[in-house]
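Q: any chance you could fold what I've pasted below:
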Amino acid sequence: MANPSSGLFHLVMIKPSHYDDDGYPIQWFRSAIPSNTLACLNGLAEDARRRQVLGDVDIRLHTYDETNRRVRPDRIIRMIRRAGGKALIALVGVQSNQFPRSVDLARPFLAAGLPVCIGGFHISGCIAMLPETPKEIRDAQDLGISFFAGEAEDGRLDEVLLDAFNDSLKPLYNYMDDLPALEGQPPPALPKKIVQRTLGAISSLDLGRGCPYQCSFCTIINVQGRKSRIRNADDLERAVRENYAQGIKRFFITDDNFARNQRWEELCDRMIKMKVDEGMDIGFTIQVDTLCHKIPNFIEKATKGGARRIFIGLENINPDNLIGAKKRQNKITDYREMLQKWRAHGALTFAGYILGFPGDTKESILRDIEIIKRELPVDILEFFYLTPLPGSEDHKVLWQKGTWMDPDLNKYDLTHRVSHHPKMSDREWEEAYRAAWNAYYTPEHIRTIMRRVAATKFGMLNSITSTLLWFNTMIPLENVHPLEGGVFRLKFRRDRRSDLPIESPFVFYLRLLKELAVKGRAYWSVYRRFNAIRREVAAAPDRLSYSDVAIAPLRENELESLDLFHGTRGGEDALARRRRDDAIRATGHVSDMPEPAAAN
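A: Next up is the predicted model:
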């Protein structure tokens, strides 16, 4: 502990955004997704302040999420100078696409003599997977930036605060080989004024970190580990009640796979106790895998506890692609049963879908999307480029081979192509990405999605309408992925990327006014069209009796008739594996049925 003395220390925590294609930070009046890393660090900092880790020094916390609040380094510097004392500028949760923006934000603080430390997935992933430090990190270290790899619980933040206060900040804090337990640690927490800058005033919680699977495109397993580290039900309740007391009732549980949390049942039981037994108006968004429905009572208890929006790593419907990416846990023969079970319990399903596996072509991608639309009852499908993110096995393999990857880290946001494809030209791949969005979100399929939701007893027609509106406008109108979207885009002329010129006021503001006018008309047109469809669906006399192939009850012989199993590469092999597994379960021994080709 520092020597007790009067004084002041500012901890400025900034979650950076990243730049759009014109070089301006992606920023909104209200953003869509809260930053859990910012909430985690703020919760740890509040705990450090309460414990007086700097002795009698007053620790003041300043929290910024740049996706919904402009960060002005000059004003922050003046604020610190006026108040006096020392400071640490912490750029938190920095992903690869946010690294260039982080370094740009760091420069004026460094010039003012204030220490800067950057942490997050890019730093941790590179240290975990690469044998040498990448050039962009070395260049940033030469500027005087310190780095933090790993997680800040279990006293690690205390060490950084003490070093910054004593002017002895280390160039690198590397905790990648020592990931902390989470039980009993201070829960994620953000002030209400920060949470209110997100749509629906939603906050975040992480109840577990780490994932047991081996997907080659994933960074989670190499940054957070393959062994789950989890909080307990008391941790959950404390976090929920502290937020609820501020009027915050909606939570995004950011666990990469809540279904694999070993304590999922006690956590769900505690949610049920608060929501059902005590009448607390709480709701959750969770992320799960495609096998979650096989866990007895998981879907029942999760939805009863308030989980109504479910993110699922569907990734692809081609088994060959899934096997090639080491995502063997996804079985296309389980997709329909899993999605129908969530639907029966009133949840909306959001499925991630990756475009650009080695066997993909533009034609096969569009064919598969039509199969999904017709045969899978998924509500929202969100598309991503297959991206070699630093920290993933895919990135490491390409890096070791010296294969070209785009040197601009700002593009590593899963919505830009950053590598070449073995079959498609760069242009074809980019066309396929845009075409996928257009193919899924047609007016006809939007009406179908609404009809499917309206046909359920718990159907949230208004919620799916607003969500579809959101996902149908962000890509064509804002040129950002919906998960990076928000309400009313903000741009500031002087916040442009450092390697691009500052535009003249005449050019910048004239273009901005034109953009606002064009977007305003487009938003109004889309809203009117969607609202008309919603009214039509709500008033349909056959609303509750509506059915189609995707939502019809599972049939005994459907494996023989659906294109999901016969119209995709590897589908026949997946079906053969399913038949073999069913025979083993029925007879207790391996039959003489031939092995699927993919297994030979």
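Q: can you show me the strands along the stretch 351-500 of the chain?
A: 380-385, 486-490 (DSSP state E, counting those that start in this stretch).
Q: can you name the residues that contact the spatially closest residue to Leu366 that is not a sequence neighbour?
A: Nearest in space to Leu366, with sequence neighbours left out and distances taken as CB to CB, 6 or more residues apart in numbering, is Ala439 at 5.5 Å. Quick note: C-beta positions are derived from backbone N, CA and C, even for glycine. Contact partners of Ala439, counting by CB atoms under 8 Å, 6 or more residues apart in numbering, are 366, 369-370.
Q: do Lys457 as well
A: Gly346.
Q: before we move on, back to that, most tightly surrounded among the strands of the stretch 351-500 of the chain?
A: Mean neighbour count (mean count of other CB atoms under 10 Å) peaks for strand 380-385 among these, with a mean of 21.
Q: from His10, how far out is Val57?
A: Computed with CB to CB, to the nearest Å, the distance linking Val57 and His10 is 11 Å.
Q: what is in contact with the two at once?
A: What both Val57 and His10 touch, as defined by CB under 8 Å, 6+ apart, is the set Gly85.
Q: what about the residue lying closest to Lys423 once chain neighbours are set aside, how many residues nearby?
A: The shortest distance from Lys423 to any non-neighbouring residue, by CB to CB, 6+ apart, is to Thr361 (5.6 Å). Here the count is done by other CB atoms under 10 Å, and Thr361 has 14 residues near it.
Q: need phi/psi at Thr361.
A: phi -130, psi 170 (degrees, to the nearest 10).
Q: now swap in Pro16 and tell me
A: According to degrees, to the nearest 10, Pro16 has phi -80, psi 160.
Q: quick one: it and Val103 touch, right?
A: No. Using CB atoms under 8 Å, Pro16 makes no contact with Val103, being 9.5 Å away.
Q: settle it for me: which of those two has more neighbours?
A: Neighbours were tallied for Pro16 and for Val103 using other CB under 10 Å; the higher tally belongs to Pro16 (29 against 23).
Q: and the gap between the more buried one and Gln27?
A: For Pro16, the distance to Gln27 - CB to CB - is 10 Å.
Q: mutual contacts of these two, please.
A: Jointly contacting Pro16 and Gln27 under the rule CB under 8 Å, 6+ apart are Glu66.
Q: per-residue pLDDT, Ala574?
A: Note for Ala574: predicted pLDDT of 59.
Q: return the distance of Cys211 relative to Gly247.
A: In this view, Cys211 and Gly247 are 33 Å apart by CB to CB.
Q: looking at those two, which one has more neighbours?
A: Using other CB under 10 Å, the more surrounded residue of Cys211 and Gly247 is Cys211, with 21 against 10.
Q: for that one, helix, strand, or coil?
A: Here Cys211 is recorded as coil under DSSP: H, G, I helix; E, B strand; the rest coil.
Q: which ones are touching it?
A: Neighbours of Cys211 in contact, by CB under 8 Å, 6+ apart: 218, 220-221, 224, 226, 228, 256-257, 260.
Q: I'd say Tyr175 and Arg156 touch.
A: Yes. When contacts are counted by CB under 8 Å, Tyr175 is listed as touching Arg156 (5.8 Å).
Q: mind listing the shared neighbours of those two?
A: 148, 150.
Q: Asp368 contacts Pro319, doesn't it?
A: No. Using CB under 8 Å, Asp368 makes no contact with Pro319, being 11.7 Å away.
Q: so how far is the longest helix seen in the chain off the chain centroid?
A: Criterion DSSP state H: the longest helix present in the chain is helix 505-539. Computed by CA atoms, centre = their mean, to the nearest Å, the chain-centroid distance of helix 505-539 equals 26 Å.
Q: for whichever helix or strand comes after that helix, buried residues please.
A: Following helix 505-539 in sequence order, the next helix or strand is helix 563-566 (DSSP states H and E). Neighbour counts over helix 563-566 (16 or more other CB atoms under 10 Å) mark 563-565 as buried.
Q: restricted to helices, list the contacts of Ala439.
A: 366, 369-370.
Q: between the residues you listed, which sits nearest Asn462?
A: Asn462 has its nearest neighbour among the ones in helices among the contacts of Ala439 in Ile369, at 26.0 Å by CB to CB.
Q: related to what we said a few turns ago, just the buried residues of the ones in helices among the contacts of Ala439.
A: Ile369.
Q: dump the ones in helices among the contacts of Ala439 to CSV, plus distance to His416 and pLDDT.
A: Listed next are those as CSV, based on distance: CB to CB, whole Å; pLDDT from 0 to 100:
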residue, distance to His416, pLDDT
Leu366, 20, 95
Ile369, 20, 94
Glu370, 25, 94
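Q: of all the ones in helices among the contacts of Ala439, which comes closest to Ile380?
A: Distances from Ile380 to these, taken by CB to CB, are shortest for Ile369, at 13.3 Å.
Q: which one is the closest one nearest to, not counting chain neighbours?
A: Per CB to CB, 6+ apart, closest to Ile369 is Ala439, 4.8 Å.
Q: per-residue pLDDT, that neighbour?
A: 97.
Q: cool, and Glu393?
A: Glu393 is assigned 95 on the pLDDT scale.
Q: distance check, it against Gly225.
A: Applying CB to CB to Glu393 and Gly225 gives a distance of 14 Å.
Q: also Asp20?
A: Asp20 is 33 Å from Gly225, by CB to CB.
Q: list phi and psi for the residue nearest to Pro377 when sequence neighbours are not counted.
A: Of all residues not flanking Pro377 in the chain, Ala550 sits nearest, at 4.2 Å (CB to CB, 6+ apart). Reported as degrees, to the nearest 10, the phi and psi values for Ala550 are phi -70, psi -40.
Q: next, count neighbours for Ala550.
A: When neighbours are counted by other CB under 10 Å, Ala550 registers 20.
Q: which residues does it contact?
A: 336, 374-377, 452.
Q: please apply the same query to Pro390.
A: So Pro390 contacts 96, 122, 125-126, 129-130, 134, 219, 409, 412 (CB under 8 Å, 6+ apart).
Q: ok, now with 10 Å
A: 95-96, 99, 121-126, 128-130, 134, 136-137, 219, 222, 396, 399, 405, 409, 412 (CB atoms under 10 Å, 6 or more residues apart in numbering).
Q: before we move on, what about Lys491?
A: Per CB under 10 Å, 6+ apart, neighbours of Lys491: 20, 22, 24-27, 508-509, 511-512, 515.
Q: repeat that for Ala522.
A: Here Ala522 is in contact with 473, 476-477 (CB under 10 Å, 6+ apart).
Q: in helices only, show me those.
A: Short answer: the contacts of Ala522 in helices (DSSP H) are Thr473.
Q: name the residues of stretch 550-557 that are buried.
A: So stretch 550-557, judged by 16+ other CB under 10 Å, has buried residues 550-551.
Q: and if you look at stretch 485-505?
A: So for stretch 485-505, counting by 16+ other CB under 10 Å, buried means 485-486, 489-491, 495-497, 503.
Q: columns pLDDT on top of those residues, output as TSV?
A: Formatted as TSV, those follow (pLDDT from 0 to 100):
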residue	pLDDT
Gly485	94
Gly486	94
Arg489	96
Leu490	96
Lys491	97
Asp495	97
Arg496	97
Arg497	98
Glu503	97
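Q: distance of Val160 relative to Thr473?
A: Separation of Val160 from Thr473 (CB to CB) stands at 41 Å.
Q: of those two, who's got more company?
A: Val160 (22 against 19).
Q: tell me if I'm right that the more buried one and Ile118 touch.
A: No. With contact defined as CB atoms under 10 Å, Val160 does not reach Ile118; the gap is 11.7 Å.
Q: please report how far Arg535 lies from Trp470.
A: With CB to CB as the criterion, Arg535 and Trp470 are 19 Å apart.
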